[in-house]
Each structure stands twice: as C-alpha cells, then as structure tokens.
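[1] Whatever this is, show me its structure:
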Amino acid sequence: MIISASRRTDIPACYGQWMMARLRAGEVLVPNPYNASRISRVALSPGNVDCIVFWTKNAAPMLPLLDELDALGYKYYFEYTVTGYGSALEPGLPEKERTVDTFLRLSERLGPEGVDWRFDPVLLTSSITPAWQLERFGALCCALHGATRRCVFSFADPYPGIRPSIAPLEETQMRLLAKGFADIAGEYGLPLYTCAEAVELSEYGIRHAACIDSAKVERIAGYPIRVERDPGQRPACGCAASVDVGVYNTCPNGCTYCYATTRPALLRRARAVHAPDAPMLTGWPRGGEQITDRTGPSLRAEQTSLFDNL
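    Now for the predicted structure:
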C-alpha cells in the first residue's frame, strides 16, 4: 500500500506531529471527502506500507521528525513544491530563500532521489508574464538542480473556488513556456516532466510524469511492486494507486491558486477540532459514523526464478 500524505493538505508543514502519532499508533481514520459520515480505517505498519509520499511546500517542521520516521521503519519520499511566487499568492509560506534552504537540507538528508521538485502551478496574470516565469524558473534551477533528480510542472487549472483572475493558459502560451523551461532545465541537466497535462510536449524533451511513481517507489522501497494506475485521479494523471490520509479544507498556507482549501469557514472549524493525538486529522468521530476498514496489503511482488517455468 502506498500512502499519500497528502494531495488534500500540507501534512509536513502543518500536521507532522499528527502524522507521526498515527504511525506510532498503527492506524489512521480518514473521512470520505464527499460524505463525512463515512470513515475509512487504515492500518499502518512498515509491513503493509510500501512507501509514504509526502506532498509539501514547507518541509521545515518535518525535518526534526525524520530520525523517528526512519527508526519506525518506513520508506518515503517528498514531492516538494517550490514556485517563484511571493506572499501575494502564497501568504502562508516562508520567504523563498528559506524554502530553498529547507529543500537543500532535506535533499542532503535523503539524497536527490528522495526529493522531487514541483514547479506548479504555472500561471499567468497581468503581472506574472512568461518572461517573469522563465526568470524565476531559471533562478530556482540554478539553486536546486543538484538536489533533485527531476522537476515536475503543471499549468494552472480552473478549479471551482480559486481566484477568478487565475485563468487557464492557451496552448500557445503553454508551448512558449514549455520550450523556455526545457531550454533552461537542459542547461542544468535536469529532466523535466509535466503533471496531469494532456498537452504533448515531447518535442521539447518533456515527458509525462507519475508523481506517485511505481518505479520510484520500487527504488525507495528496495523491491518490485505490483500496482495499478489510480482510477480516482484525472485522466491525464499517471500516478499509481494510493490511500490519501489528508482532508480537504484543512491547509492554512493560504495559497490563492489552491484547489484543496477553498472554504475558509471549514478551515477554521478543522483547525479548531484538530488534535495531534486524534485518530483523524479533523479530530475524533462524533459517533454514528460508518467506519469501514480500507487497509491495503503490501504491494510487494514475489520474486520468481527464471527456472520456475522450465
């Protein structure tokens, strides 16, 4: 089983202590994102969790917890988003210099394989021009290229609830930016991938990514796995199936382009009921919920001898 922590919220930045408590306890409760009266119970142990994929924009609070995470026996890697945007779009994040420093420290701790750099979403506004994006991308490439094995980017999508001024890009704009990104990344020898993008950019040497990547999980876990593509993701997403332990509308980072936290009242309520020792990220069940076990087995594929079929 692969654990996603999380596409729905920034667990390393905001809920690392809670995550560690769940790993110590050996189970987590996850409310259904569309029906809070239905809750999944997921058992957690190094025996059935092949890999944890952490998604974050600020891993600093998680760094002191990694020694214990290693001691517990879990394998993991980070999808780490570092954009060029400032506090106007990302008001709850550290200054960019601190973010870059944390990324480098995390990579020093885990190695470049353990930290993917995400440069997303790529968006354009009246003040954020293609030239601006390319300049910021180049500066970050210079800073991060030796600390990661790949850069994954995506273009802004028009999710309900995000700021209206953030509009989807036209394909001509996508191609202009993609070629510029590819030229810059090529100077640093950094492979470039897109995340959940239908547009084909292979002419620029850009491939489609699976952020929860079965091949990467195999390298991190140290053994082959058998896993299907995640049917719950968008059609262009190549990610392997995983169990997400996060909850929507719980991230206080405040990024204006965020699809996962769009209702401030729900965020305030979630923060009020959160407790580091609670079984759910949003506290305890109120009673009367339907709790179903969704524990998955290890995905480890049994090695077979080449002589087995003789």
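[2] shaky segments in the stretch 151-300 of the chain?
    Within the stretch 151-300 of the chain, the segments meeting pLDDT under 70 span 159-165.
[3] For it, which segments count as strands?
    151-155, 192-195, 207-209, 243-244, 290-293 (DSSP state E, counting those that start in this stretch).
[4] Show me the helices in the stretch 201-310 of the chain, by range?
    With DSSP state H, counting those that start in this stretch as the criterion, the stretch 201-310 of the chain has helices at 214-221, 264-273.
[5] Format the strands of the stretch 151-300 of the chain as JSON lines; extra columns: distance to residue 33 and mean neighbour count.
    Backbone N, C-alpha and C define where each C-beta goes, glycine included. Output for these, formatted as JSON lines (distance: least, Cβ to Cβ, whole Å; neighbours: other Cβ atoms under 10 Å):
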{"stretch": "strand 151-155", "distance to residue 33": "21", "mean neighbour count": "23"}
{"stretch": "strand 192-195", "distance to residue 33": "20", "mean neighbour count": "23"}
{"stretch": "strand 207-209", "distance to residue 33": "24", "mean neighbour count": "19"}
{"stretch": "strand 243-244", "distance to residue 33": "9", "mean neighbour count": "20"}
{"stretch": "strand 290-293", "distance to residue 33": "15", "mean neighbour count": "10"}
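[6] Looking at these, which is nearest to residue 119?
    Closest approach to residue 119 among these (Cβ to Cβ): strand 151-155, 4.4 Å.
[7] Reformat the helices of the stretch 201-310 of the chain as CSV; add distance to residue 142 and mean neighbour count.
    Formatted as CSV, those follow (distance: least, Cβ to Cβ, whole Å; neighbours: other Cβ under 10 Å):
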stretch, distance to residue 142, mean neighbour count
helix 214-221, 24, 18
helix 264-273, 35, 14
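[8] As JSON lines, those with distance to residue 63 would be great.
    Formatted as JSON lines, the helices of the stretch 201-310 of the chain follow (distance: least, Cβ to Cβ, whole Å):
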{"stretch": "helix 214-221", "distance to residue 63": "18"}
{"stretch": "helix 264-273", "distance to residue 63": "23"}
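[9] Check which residues of the helix or strand encompassing residue 133 are buried.
    Residue 133 is located in helix 130-144, with elements delineated by DSSP states H and E. Across helix 130-144, burial judged by 16 or more other Cβ atoms under 10 Å covers 133-134, 136-138, 140-141, 143-144.
[10] same thing with stretch 57-71?
    Buried positions in stretch 57-71, judged by neighbour count with 16+ other Cβ under 10 Å: 57-62, 66, 69.
[11] do stretch 37-44 as well
    Buried residues in stretch 37-44 (16+ other Cβ under 10 Å): 39-40, 42-44.
[12] again, but for stretch 3-13
    For stretch 3-13, burial by neighbour count (16+ other Cβ under 10 Å) applies to 3-13.
[13] now residue 243: how far from residue 4?
    Distance of residue 243 to residue 4, computed by Cβ to Cβ, to the nearest Å: 7 Å.
[14] how far out from the middle of the chain is stretch 49-64?
    Averaging C-alpha positions (Cα atoms, centre = their mean, to the nearest Å) puts stretch 49-64 9 Å from its chain's average.
[15] list the contacts for residue 236?
    Going by Cβ atoms under 8 Å, 6 or more residues apart in numbering, residue 236 touches 196-198, 208.
[16] go on, residue 101?
    Residue 101 makes contact with no residue, according to Cβ under 8 Å, 6+ apart.
[17] so how far is the helix or strand where it lies off the chain centroid?
    If you go by DSSP H and E, residue 101 is part of helix 96-110. Put simply, helix 96-110 sits 16 Å off its chain's centre (Cα atoms, centre = their mean).
[18] Now stretch 41-51: average pLDDT?
    For stretch 41-51, the mean per-residue pLDDT is 98.
[19] which outside residues touch that stretch?
    Residues outside stretch 41-51 that contact it (Cβ under 8 Å, 6+ apart) are 1-3, 22-23, 25-30, 72-77, 217, 220-221, 225, 243, 245, 291-300.
[20] Equivalent analysis for stretch 126-144, please.
    Residues outside stretch 126-144 that contact it (Cβ under 8 Å, 6+ apart) are 82-85, 100, 103-104, 117, 119, 122, 124, 151, 173, 176-177, 180-181, 184-185, 187-188, 190.
[21] Please apply the same query to stretch 11-26.
    Contacts of stretch 11-26 with the rest of the structure, by Cβ under 8 Å, 6+ apart, involve 5, 9, 28, 43-45, 54-62, 65, 68-69, 72, 74, 78, 245-246, 250-253, 274-279, 281.
[22] one step back: which of the contacts of stretch 41-51 are buried, as a PyMOL select command?
    Filtering these down to the buried ones (16+ other Cβ under 10 Å) takes a single PyMOL command:
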select buried, resi 1+2+3+22+23+28+29+30+74+75+76+77+217+220+221+225+243+245+296+299+300
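[23] Perfect, I'm done here.
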